[in-house]
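S.K.: 3D model of this:
(one chain, ligands or ions: 1)
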Amino acid sequence: MTKAQAALLQRKWKKQGDPPCEHLIQELSDASSDFDDGHVLNAYHCRECGELFVHRYKAKGLSNNPSTEPEFIGET
Ligand SMILES: [Zn+2]
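M.R.: Numbers count the residues shown, from 1 in each chain. Purely as a prediction, here's the structure:
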């Protein structure tokens, strides 16, 4: 999902009165991952309401073992 699509979803959601959303389906945004201090930051948007979530992963193993999934350590 692009940032423009997310912004559109957010506007549509607000028009519907900004109801509560459980953010069940989150889609990785097209922005490339940011690295900070050995961590990977991936941006996701809720497919229902467009809300942004940034998931932070430990980046260990990325350089010498690219097949290793980054370890999920929570949302920021
Ligand atoms: Zn949502």
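
S.K.: who are the contact partners of the spatially most central residue of the chain?
M.R.: In the chain, the centroid-proximal residue (Cα atoms, centre = their mean) is residue 44; its distance is 1.7 Å. The contact partners of residue 44, by Cβ atoms under 8 Å, 6 or more residues apart in numbering, come to 26-29, 52-55. Just so you know, the C-beta spots here come from the backbone N, C-alpha and C atoms, and that holds for glycine as well.

S.K.: for residue 29, same thing?
M.R.: Shown in contact with residue 29 (Cβ under 8 Å, 6+ apart): 1-3, 6, 43-45, 52.

S.K.: let's have the residues you listed in JSON lines, adding distance to the ion.
M.R.: Formatted as JSON lines, the contacts of residue 29 follow (distance: Cβ to the ion, whole Å):
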{"residue": "1", "distance to the ion": "12"}
{"residue": "2", "distance to the ion": "17"}
{"residue": "3", "distance to the ion": "16"}
{"residue": "6", "distance to the ion": "11"}
{"residue": "43", "distance to the ion": "14"}
{"residue": "44", "distance to the ion": "10"}
{"residue": "45", "distance to the ion": "8"}
{"residue": "52", "distance to the ion": "10"}
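
S.K.: ok, of these, which come out buried?
M.R.: 1, 6, 43-45 (16 or more other Cβ atoms under 10 Å).

S.K.: ok, so of the contacts of residue 44, who is nearest the ion?
M.R.: residue 26 (7.9 Å; Cβ to the ion).

S.K.: that closest one and residue 47 touch, don't they?
M.R.: Yes. Residue 26 lies in contact with residue 47 (Cβ atoms under 8 Å); the separation is 7.0 Å.

S.K.: one step back: which helix or strand contains the residue nearest to the centre of the chain?
M.R.: strand 39-46 (DSSP states H and E).

S.K.: in its sheet, what does that strand sit against?
M.R.: Strand 39-46 pairs in its sheet with strand 26-28 (antiparallel), strand 34-36 (antiparallel), strand 52-58 (antiparallel), by DSSP bridges.

S.K.: could these be laid out in JSON lines, adding mean pLDDT?
M.R.: Shown next, in JSON lines, are the strands paired with strand 39-46 (pLDDT from 0 to 100):
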{"stretch": "strand 26-28", "mean pLDDT": "92"}
{"stretch": "strand 34-36", "mean pLDDT": "72"}
{"stretch": "strand 52-58", "mean pLDDT": "85"}
